Structures are given as C-alpha cells and as structure tokens.
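K.L.:
one predicted model, sequence on top.
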There are 2 protein chains.
Amino acid sequence: MHDRRFPASSLRLFASARSAGKTLSYGSHAYTVEETREEIFSELDLALFSAGADTSRRFGRLAAASGCVVVDNSSAFRMDGDVPLIVPEVNPDAARAHVGILANPNCSTAITLMGLYPLHRKFGLKRFFASTYQAVSGSGVEGMEELNNQILAWAGGGESAPATYPHPIAFNLIPHVDSFTPGGYTKEELKMLQESRKILGLPELAVSATCVRVPVMRAHSIAVNAEFEQPVDLEEARAAIRSFSGAELNDTPAENGYPTPLQYAGKFPCGVGRLRLDAAFPNGLALWIVGDQLLKGAALNAVQIAELLHQQGTLRIG
Amino acid sequence: MHDRRFPASSLRLFASARSAGKTLSYGSHAYTVEETREEIFSELDLALFSAGADTSRRFGRLAAASGCVVVDNSSAFRMDGDVPLIVPEVNPDAARAHVGILANPNCSTAITLMGLYPLHRKFGLKRFFASTYQAVSGSGVEGMEELNNQILAWAGGGESAPATYPHPIAFNLIPHVDSFTPGGYTKEELKMLQESRKILGLPELAVSATCVRVPVMRAHSIAVNAEFEQPVDLEEARAAIRSFSGAELNDTPAENGYPTPLQYAGKFPCGVGRLRLDAAFPNGLALWIVGDQLLKGAALNAVQIAELLHQQGTLRIG
C-alpha cells in the first residue's frame, strides 16, 4: 500500500487478541495493532484480509454485511458464485458485480496467468500443463525459517529436523504443496485448474499442474506448456507479452537472459522468458514465468483490486 | 563396477597426461592412472568412456577399430545410426547390433524413461511434457563446489560469485542446462525428444521439455504429463511400475510418500510417485520421477550396458 501510495485517509491494523497492542510502522508512522472484533467493520470502508481461510470465514460475510468491502487473500471465498476472483490486469470488469467481498487468487495461479493471459488474448487458450517451483515464503515465515535453519545447520556440519514441511527442504524438493485430494492432485494443483477457469471465464479450460516446493526463499517459478485455438506466431507472442502491463518479457537466451527467482524477489512485474514454439503441441508455446508470490501472488494483487474498485467507483476511500 | 561386482579380470584407469600418475582405489586395491594413448585400446576388451564429447570423438572410433568395445557416456555418438543408445531395462535387444560403440543416454532422459517405459509397454506412449529439476552434480564437481561455496558464503553473511553457472544457483533456479539452439530449446531439452524417440523406437513420439537447474546436490527430478494411445487405468499403471525392475513405486501421499532427491541420492532404482489420471489429457497420466543421475543417469547405466553385452555374448571379459 505504501509503495503504491494507496489513497487511504486513515489506516487501522487488526489482528487476533494475541497480537493486539503491538506496534507496526507504515511509512514514517507507527500504528498500534487492534483486536479484530465484529463491531469494527461498520467503521471501515475497506478491509484487506490476510489471516487464513478460517479467519476469513469467521469475519468476511459479516464485514461485507456491515458495509465494509473485503478483499480476501485466502481461499475461503474464491470459488463462491457471488465473489469475483480478480487479477486486475486480466478480468477487471468482473469486479463490478461484487457484493462486498472480492477474492485474491492463489499465488501460483496469479503469476502463471501474468504470462498466459496476454497469449490467451491473442491466440485463445485451450489447455495448459504447469510445473511449479515454489519458494518457501509461500508457507509464511515458518517456511523461510525452516530453510534458513536447515541451511545454517548444514553449513555448521549438523542437521535441523523438518517441522513445517514433511521432509527436509534444504538441498531437496517436495512435490507436495497443500493437502492431497482423492484424485491424487493436491489442492494447490486443483486451484490452478479451478481458479484459472474462473478468472479467464473459460469453464472448459483443461489444466494439469504439478506443484513442487523448492529451496528458494522468495518468488515462484512456473514451467508452462500451453495449447491455443489459433496458430501461434512467436514474434506476435513476444509482442503480446511486451505490451501487457503486468509482465515483462525477459527472453534473451543468447545473453543468458531469462527470469530467475532471485531477480524477481521484491519486484512488481512478473518475468516471462524461454518462449518457444512447443515441440509437442501443434498450436503451442512453452514458456517460463517467475513472479514474487508475496507481491503479485498476494499483497500487490490485493492492493491493485482495491485501487480498481476505487477507479470503478464501487469503493469510497477517505 | 565395484558395487555390482563387475566380472573384470583386470582393470586399468586412463586419463589425460595431466592426471597420469595419480593413484585411485577400487575396492581395496590402488591403481595408478595411465595416460590415454591411441595404442592402448588394442590391449583392452572394454572401455567405459566418461571424459566429455571431445575426448570421446578423439578416441571412440579408433578404440572400436582396435577391437575394444566402447560404452560412451558422452553425447558424441548417441544419435549416430550405427551406435545403439541403450537403457538395459528398456531396449536390451538394440545392443546386439553394436559395431564396437554403445552410447549411454542423457541423464534426465534415462531417469524419465524409467518411469515412462513400463507405462508405455502397457498403454502405448504418444506424447509427453517434462519439466526437470536437475541437481548441480550434473555439472560435475564444479557445480557441486559452486553451490557449496555460495551456500557457505551466504551462511557467513557474504557472497560467492557465479563461475560455472551464468547466475547464482544458491536459493535460485536457472532454466538453462546446456546451450541454446535456434528454436529456443536447449540441447538438454532436445535430447529428451531425440533420445527418447531412439531408445523407445518411436520416431513420431512428441516430447517437449523444460530443463531447470535447481539448488540440489544430487539426484534429478522430473514432473511428467504423458498421453497414451490406450485408456489408462491407475491401478494397472501402478502395477506396471511395481513390476518394472529399474524403478520402484513410491506413491503413498496419505503418508507423505513420494520420491525426493535426498531419498534417491546414492540409490540404484529410480523412484516414481504422484501418479494420477491427468486432468488435461484424456488418456493421460501425471507423475513425478526421481533418480540419481550419477547412477542411472550415468555410471550405473554404463556398467549395466557392459553387463548386458557380457550376457548377450558380444563382449568377452577376462
């Protein structure tokens, strides 16, 4: 919010009773964290929820009924019929129908669509395969501390046992993000299917994802093979990505130019590279997309949704 | 060779002039490394080449002409029409036609086929997409030292600049293994296409790969989406992998059971898990394959080829 000079006239920070009383800074101001109570929402125009699906379920509908517009970062409402699931560069008009709650997509899905949407607009997306390389910050501070502790223990010749993850993550890969469903896909993998369909408005879109946790601190990467309705031209594909506001083309292999997570940690735009005509899809493209999942995959997209509502006139600020 | 009690009656170790005179051990014996010279091959029955494509090109044909059977671990001869490209569990009969040189496949390809071949035999492989997660040991000792140095520098609060790789590999991903070709694929990615076709005897097989270096020391992992000619049954697929000698089924998600690279470093069999009916392929399976690329992807497979020739009677040992 601060980085984007969000036009709030006042700001209040809420958390559980446990965190109430703590002080957090925003720009040069210090704010005291308050306890979240049902009564407070009638005093607020906008609430950005980011405390997990249980908390969102507890307060989300109630906040909206109190006249406070909720932008929710959890999975609680994403697939609800009356809740727009928004990536502002992709489906801004869907936000106009909101009835007080808007949902922020899953991080990997939002980042993947920053590469796929400009191509979809040009060639018509039909099907895609995605293999993710997800940073530990996707598991919160616990994930980062676990990788940090295991690396430091290794550097000292010792070991640090897994706690957040079911296996060691240092020097390892864990093909298991969120819990398993009966068909064998994880919930994280099914979100890529379900949320992509909803955001793109393509109920028949075919998607298969494999989601893997990797020993990277921040920024998710996704290898994508995508099939389109129309024949694909590589230069047109590059131009489509170049002219899309949410992504930047980073595709100069001769100079070792392609997105890496270290380059995109802390950056607003997602990087798209390794673009090539797909060897196994007639109308296909292979590509590699990287984005900071704490930004486009979470906080940035949430603030962008609020900015969008302000522009559209469905949110009064200040 | 030692772990598999390879039945050699004598062993000689060769390298460049620079390494000649060094001592290496094999079991409890110490051997002095000799310089590789053209004349030596007439004294040998079998040579295992593992010194890169240039060295293989310099000595390979000459060795074979001297009556020494060469099993070559480089890419030098893999696509030559008179050189069988062998994974012993997959295409042993192709080895019978050798004329003195047999090639060991690319590491990622060999490991991927350990999961796909038993499924191909059952359902008929038509097309697959592969995203790799390749360990730094695939770049030799330099890759392992670079990751090691960057991690230790980080643990000490410093930095260690990239030398082997074009970007830092610690806490990062590099979607660039081997050099780029004009179509945008890397050579490593095209090997997955070309070598899979040759090994499986499927000249029309469609393959698209994205090969990525990850901060893992040893063992490659591959996320695969595969399409088959026949309808796929999940229990039959599991049974096919279970009964295949080169792989083990490691697929108990309810108990967090799936292959990880730390589990498969130093192991002979490859691990296959995360098996599920593919959400984006009508006759498709998604799976996750892990194997030690220094073993099945290199040394183990080379020794297995020599054992195969011995069984087939085209190699006299001792």
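P.N.:
Cool, got the structure.
K.L.:
neighbours around residue A:126, how many?
P.N.:
By other CB atoms under 10 Å in any protein chain shown, 19 other residues sit near residue A:126. In this view, the C-beta of every residue, glycine as well, is placed from N, C-alpha and C.
K.L.:
get me the contact residues on the stretch 1-150 of chain A for chain B.
P.N.:
Residues of the stretch 1-150 of chain A lying close to chain B by CB under 8 Å from any CB of the partner chain are A:127-129, A:131, A:133.
K.L.:
what helix or strand does residue A:208 sit in?
P.N.:
strand A:206-210 (DSSP states H and E).
K.L.:
so does the next helix or strand after that strand get close to chain B?
P.N.:
Later in the chain than strand A:206-210, the nearest helix or strand by DSSP H and E is strand A:220-228. Yes. Shown here: strand A:220-228 in contact with chain B (CB under 8 Å from any CB) through A:221, A:223, A:225.
K.L.:
same question for stretch A:250-258.
P.N.:
Yes. Using CB under 8 Å from any CB, stretch A:250-258 reaches chain B at A:253-254, A:256, A:258.
K.L.:
quick revisit: elements contacting the strand holding residue A:208?
P.N.:
For strand A:206-210, the elements it packs on are strand A:125-133, helix A:187-200, strand B:220-228, strand B:284-291, judged by 3 or more CB pairs under 8 Å, 6 or more residues apart in numbering or on different chains; DSSP states H and E.
K.L.:
tabulate these in CSV, adding columns for mean pLDDT.
P.N.:
Compiled in CSV, those are given as follows (pLDDT from 0 to 100):
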stretch, mean pLDDT
strand A:125-133, 98
helix A:187-200, 98
strand B:220-228, 98
strand B:284-291, 98
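K.L.:
would you mind giving these as TSV with distance to residue A:169 added?
P.N.:
Shown next, in TSV, are the helices and strands packed on strand A:206-210 (distance: least, CB to CB, whole Å):
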stretch	distance to residue A:169
strand A:125-133	13
helix A:187-200	16
strand B:220-228	14
strand B:284-291	15
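K.L.:
relative to residue A:63, which of those is closest?
P.N.:
helix A:187-200 (22.1 Å; CB to CB).
K.L.:
roughly how far is the closest one from the heart of the chain?
P.N.:
12 Å (CA atoms, centre = their mean, to the nearest Å).
K.L.:
with stretch A:82-92 instead?
P.N.:
13 Å.
K.L.:
which residues sit against that stretch?
P.N.:
Here stretch A:82-92 makes contact (CB atoms under 8 Å, 6 or more residues apart in numbering or on different chains) with A:72, A:77-79, A:94-95, A:97-99, A:101-105, A:110, A:113-114, A:117, A:195, A:198-201, A:244-246, A:301, A:304-305, A:307-308, A:312.
K.L.:
got the buried residues for it?
P.N.:
A:83-92 (16 or more other CB atoms under 10 Å in any protein chain shown).
K.L.:
OK, contacts around the residue of the stretch 201-318 of chain A found nearest chain B?
P.N.:
Nearest to chain B, among the residues of the stretch 201-318 of chain A, is residue A:276, at 3.1 Å (CB to the nearest CB). Taking CB under 8 Å, 6+ apart as the criterion, residue A:276 is in contact with A:234, A:285-287, B:183-185.
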